[in-house]
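Trainee: just the structure for this:
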Amino acid sequence: MADQLLNSPRKVAYAVAAFFSVIMVIHMLRGSGSSAGQPSPFPGNGGKPAFQRTIVAVGDLHGDYPNMMTVLKMAKVVSENGTWTGNVDYLVQTGDIVDRGDDTLQMYRYLENLRVQAQQAGGDVRSHFGNHEVMNLIGDWRYVPQKEILTFGGANARQQMLAKGWLGQAWRANYTITSRVPLHPSLGPMNTDYDPDKATRFQDISHAAVSFLHGGLSPTYEDLTPYPSRVNGLGASLVKKLQERNPLPPPHPPNQYPGLPTSASVAEQELYGGNGPLWYRGWAMDKDSVVCSKVDGVMEKLGVRRLVMGHTPNFTGIVSRCGGKILLIDTGISHAYGGVLSAARFTYTLTPTKQKGYWIENEVVTAIYQQKEEVLVNSEREIKADFI
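Mentor: Numbers count the residues shown, from 1 in each chain. The predicted model follows:
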């Protein structure tokens, strides 16, 4: 069935969108539709149920199918036979699946199949463009191995697949630049824009969401809001223009670097620029005193409490900055880098107190490695949320 779905990705995208809309309504009514999000009893609360949501995030994968599968299994996202377990609500991948390795087609095909499985179980796989996905659409193939090109059937067949084939269509339908992932369904479905005028109605959980993307959302980037629709709208329009060039420019190398299409707007050019969300490295590279003085202002605009990104690798493990407000999850998973295999797990729970309308909110962020797990954040507080 999955292979038939991939042969008509546009129809699948519409069908899945309609299906997932229904699932999100169920999430709103029940707390969460996947087994991970089901209410469960907590000791010390008279057996009262608590809401739970679990998210697993994985950074850059760069053409390494075996290492990707190892990571997904050790994070309990998939079973030993590679199927969706239902142990998490969302799997988030922050881009750069392509380049540096040979397994491009196998990896994208597997993740499209996994997305269908997840959505059928009430979960989802959230996929993002990395700078390398967009580089490949532009025609910048400097990091594409020759052996990988052969898996497509040659350079021309590869270019057509990225622009018009099932993979190009999957990128259009299922990939965004960034995601605002709610920790509680009261904040709306995935990628609901943050509206500061309505934030007070959500009381203490107005920012109970996490921002995921590849590079970073610079404090000086002019198209931050409304978040995330402004950024994702620009990304979708740029990808469309790149895929619909006629003729497609021959890839570089050996040909001349084609650059962005002349029809790209100033905002689309800035999206792909060094200060844009695909390339920005400030949250990873600037001093603590700089980033920690700016991160609260950005999160306030976005309606989130953490910024999670890949792109800038740390080969020894996931990096937490500013008390877990910034999380850098690219650890060089691909054999091309030889870094550590890792994933980040976000576990969010709300447990009712004896006082009506008050809850104990707990959020734990855990770095998962092959031989150990490391708690990066363990935040607990009492909150008011009498609308839940």
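Trainee: what number of residues lie near Gly303?
Mentor: 26 (other C-beta atoms under 10 Å). The way it works is simple: take the backbone N, C-alpha and C, and place the C-beta from them, glycine included.
Trainee: which residues touch the nearest residue in space to Tyr143 that is not next to it in sequence?
Mentor: Nearest non-adjacent residue to Tyr143, counting by C-beta to C-beta, 6 or more residues apart in numbering: Asp99, 4.0 Å away. Contact partners of Asp99, counting by C-beta atoms under 8 Å, 6 or more residues apart in numbering, are 62-63, 132, 135-136, 143-144.
Trainee: spit out the contact partners of the residue nearest to the spatial centre of the chain.
Mentor: Against the mean C-alpha coordinate of the chain, by C-alpha atoms, centre = their mean, the closest residue is Val92 at 3.8 Å. Residues counted as contacts of Val92 (C-beta under 8 Å, 6+ apart) are 55-58, 125-126, 128, 179, 181, 212, 308.
Trainee: of these, which pair is most distant in space?
Mentor: The distance between the two most remote of these (C-beta to C-beta) is 15.6 Å, for Val125 and Val308.
Trainee: between the two, tell me which one has more neighbours.
Mentor: Val308 (27 against 20).
Trainee: which element follows the strand or helix carrying the more buried one toward the C-terminus?
Mentor: Following DSSP states H and E, one finds Val308 within strand 306-309. The helix or strand immediately downstream of strand 306-309 is strand 319-321, counting by DSSP H and E.
Trainee: and the helix or strand following that next one, what does it pack against?
Mentor: Later in the chain than strand 319-321, the nearest helix or strand by DSSP H and E is strand 326-328. Under the contact definition 3 or more C-beta pairs under 8 Å, 6 or more residues apart in numbering; DSSP states H and E, strand 326-328 sits against helix 282-285, strand 306-309, strand 319-321.
Trainee: same thing but 10 Å
Mentor: Judged by 3 or more C-beta pairs under 10 Å, 6 or more residues apart in numbering; DSSP states H and E, strand 326-328 is in contact with helix 282-285, helix 288-302, strand 306-309, strand 319-321, strand 342-352.
Trainee: so which of these is nearest Ile383?
Mentor: Across these, closest to Ile383 is strand 342-352 (C-beta to C-beta), at 8.0 Å.
Trainee: could you point out which element follows that closest one?
Mentor: Immediately after strand 342-352, counting by DSSP H and E, sits strand 358-369.
Trainee: give me the mean pLDDT for that next one.
Mentor: Computed over strand 358-369, the mean pLDDT rounds to 96.
Trainee: chain center to the helix or strand following that strand, what's the gap?
Mentor: With elements assigned by DSSP H and E, the helix or strand that comes after strand 358-369 is strand 373-384. On the basis of C-alpha atoms, centre = their mean, to the nearest Å, strand 373-384 sits 21 Å off its chain's mean C-alpha point.
Trainee: tell me the angle strand 373-384 makes with strand 342-352.
Mentor: Using axes from the mean of the first three to the mean of the last three C-alpha atoms, to 10 degrees, the direction of strand 373-384 lies 30 degrees away from that of strand 342-352.
Trainee: quick one: strands adjacent to strand 373-384?
Mentor: strand 358-369 (antiparallel) (DSSP bridges).
Trainee: and the strand it pairs with, what's buried?
Mentor: By neighbour count on 16 or more other C-beta atoms under 10 Å, the buried set for strand 358-369 is 359-369.
Trainee: and if you look at stretch 238-257?
Mentor: The neighbour-count check on stretch 238-257 (16+ other C-beta under 10 Å) flags 238-239, 241-243, 245, 248-249, 251-252 as buried.
Trainee: just the endpoints, please. Distance across that stretch?
Mentor: This stretch, stretch 238-257, spans 17 Å end to end (C-alpha to C-alpha, to the nearest Å).
Trainee: again, but for stretch 214-230
Mentor: Start and end residues of stretch 214-230 are separated by 16 Å (C-alpha to C-alpha).
Trainee: buried sites along it?
Mentor: Using 16+ other C-beta under 10 Å as the test for burial, stretch 214-230 gives 214-219, 221, 223-230.
Trainee: and stretch 193-204, by the same measure?
Mentor: Burial within stretch 193-204, assessed by neighbour count using 16+ other C-beta under 10 Å, is assigned to 193-194, 202.
Trainee: with adjacent residues omitted, what lies nearest to Tyr257?
Mentor: Nearest to Tyr257 is Asp140, by C-beta to C-beta, 6+ apart, at 6.4 Å.
Trainee: low-confidence stretches in this protein?
Mentor: 1-49 (pLDDT under 70).
Trainee: just the helices in it please.
Mentor: Assigned by DSSP state H, the chain shows helices spanning 2-7, 9-30, 65-74, 104-120, 131-138, 146-152, 155-163, 166-174, 229-243, 266-271, 282-285, 288-302.
Trainee: any idea which of those is most buried?
Mentor: Across those, averaging neighbours per residue (mean count of other C-beta atoms under 10 Å) puts helix 131-138 on top, at a mean of 22.
Trainee: still on that earlier bit, which members of the contacts of Asp99 are the farthest-apart pair?
Mentor: That would be Gly63 and Met135, which, of these, are the farthest apart (C-beta to C-beta) at 13.5 Å.
Trainee: mind checking how far stretch 64-78 is from the chain centre?
Mentor: Per C-alpha atoms, centre = their mean, the displacement of stretch 64-78 from the mean C-alpha position of its chain is 16 Å.
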